[in-house]
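S.K.: Pasting a predicted model and its sequence here:
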Amino acid sequence: MRAVVFNQYGGPDVLEWVEGPEPPVKPNTVRIQVQAASVNAIDWKIRSGQMGGQSTDDFPLFLGFDAAGVVDRIGEGATGVEVGDEVFGLGSGTYAEVAVLRSFAAKPSEVSWEEAAAAGVAGETSVRALSLLAVTEGTTLLIDGAAGGVGAVAVQVAVARGARVIATSSEANFDYLNALGATPIRYGEGMTDRVRTLSPRGVEAVFDVAGKTPMPQLVSLVEDPQQVVSIANFAAGEYGARATGGGGDAAAAMAEIAGLLSEGRLHIEVLTYPMSAAAAAHRLLQEGHVRGKLVLVP
Ligand SMILES: NC(=O)c1ccc[n+]([C@@H]2O[C@H](COP(=O)([O-])OP(=O)(O)OC[C@H]3O[C@@H](n4cnc5c(N)ncnc54)[C@H](OP(=O)(O)O)[C@@H]3O)[C@@H](O)[C@H]2O)c1
């Protein structure tokens, strides 16, 4: 099989599309013939060496944490799935023709491979953060950084739960966020004033997706600082807010996301590249203004 690998940390051009061994299936996982994989911000951070942690002896390194595809092997203990099933979800080394998923759900037949692949990490992260914030019917929620991969999914999950969503983006994405059911406002200087214009007593919950607004400003919008959850600012705890990097029920999250996709309540705008052009996708994502998700196809 072919896979995207890199043999040194660096810019997008370290990525290579090369032949390699197929990954073995492990207990409680499935192996898939990948039809599409998504590009997540963590991927370019790993590639550039920002995440550290791995010895250079481990090269070549593989990338990718979500995908959609057709099951070709079933690991011991994995239940409710058969060879030939179409699934999507979370795994590793998904920028490849064959990859292993550890948390997955059936791909709704009416949803494209690309959209299903895009729903993995963004879906799990959104459900995890909104559950920590107890977002439910009637919650007034600010999503800061709403037009990108995670934000656009979080808006739709929150709207589906009956929340009132105020969402930040550049003006270029206002129509997009309106169409998803949110009230858009500009991020940057004066953002908290714009929130208070819409919701004078602040909000009940803040999902900090972008990690760019100073934490004291976000905390000033809620009664209890714990009602700010960040996925990108790990200094949140210094201000009484919370940061999350994992630990949710990923299988349940995938089931919720599959339900929203099949009901037509979750749509993800995708821009698709061949896996051989993963470097171009990384270059664009790193600029920080992608709407929706970038997806790779073998
Ligand atoms: N902790 C976790 O579990 C976890 C999981 C997934 C992702 N993450 C992290 O979460 C962050 C967001 O991920 P993502 O996939 O959504 O990234 P992304 O798709 O690259 O985000 C792009 C979006 O960010 C918006 N943006 C840029 N500057 C902004 C600002 N100053 N304020 C608000 N929004 C701004 C852009 O909107 P405009 O184009 O309108 O400017 C664009 O739509 C990344 O740092 C990622 O590593 C963490």
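M.R.: Received, thanks.

S.K.: and the longest helix seen in the chain, does that touch the ligand?
M.R.: Determined from DSSP state H, the single longest helix within the chain is helix 113-132. Yes - residues of helix 113-132 contacting the ligand under C-beta under 6 Å from any ligand atom: Val121, Thr125. To be clear about C-beta, it is placed using only N, CA and C from the backbone, and glycine gets the same treatment.

S.K.: residues contacting the residue nearest in space to the middle of the chain?
M.R.: By C-alpha atoms, centre = their mean, the chain has its centre lying nearest to Ala122, at 2.1 Å. Neighbouring residues of Ala122 by C-beta atoms under 8 Å, 6 or more residues apart in numbering: Ser38, Asn40, Gly149, Val150, Ala152, Val153, Ala154, Ile268, Lys293.

S.K.: Mind pulling the model confidence for it?
M.R.: pLDDT, Ala122: 98.

S.K.: could you measure Pro214 against the ligand, distance?
M.R.: Look at Pro214 and the ligand: by C-beta to the nearest ligand atom, to the nearest Å, they are 11 Å apart.

S.K.: Phi, psi for that residue please.
M.R.: phi -50, psi 130 (degrees, to the nearest 10).

S.K.: Next, count neighbours for it.
M.R.: Neighbour count of Pro214, defined by other C-beta atoms under 10 Å: 11.

S.K.: and what of the one 5 residues further on?
M.R.: Neighbour count for Val219, taken as other C-beta under 10 Å: 18.

S.K.: I figured it was touching Glu238, is that so?
M.R.: No - using C-beta atoms under 8 Å, Val219 is not in contact with Glu238; the gap is 10.3 Å.

S.K.: Provide the secondary structure category for the closest residue to Leu101 other than its chain neighbours.
M.R.: Leaving aside its sequence neighbours, Leu101 sits nearest to Gly91 (C-beta to C-beta, 6 or more residues apart in numbering; 3.8 Å). Three-state assignment for Gly91 (DSSP: H, G, I helix; E, B strand; the rest coil): strand.

S.K.: how far away is Gly91 from Val71?
M.R.: 12 Å (C-beta to C-beta, to the nearest Å).

S.K.: Give me the common contacts of those two.
M.R.: Joint contacts of Gly91 and Val71 (C-beta under 8 Å, 6+ apart) are Ile32.

S.K.: Who has more neighbours out of these two?
M.R.: Gly91 (26 against 20).

S.K.: List the contacts of Ala116.
M.R.: Ala36, Ala68, Phe88, Lys107, Pro108, Leu261.

S.K.: hmm, 6 Å instead?
M.R.: Counting by C-beta atoms under 6 Å, 6 or more residues apart in numbering, Ala116 touches Ala68, Phe88, Lys107.
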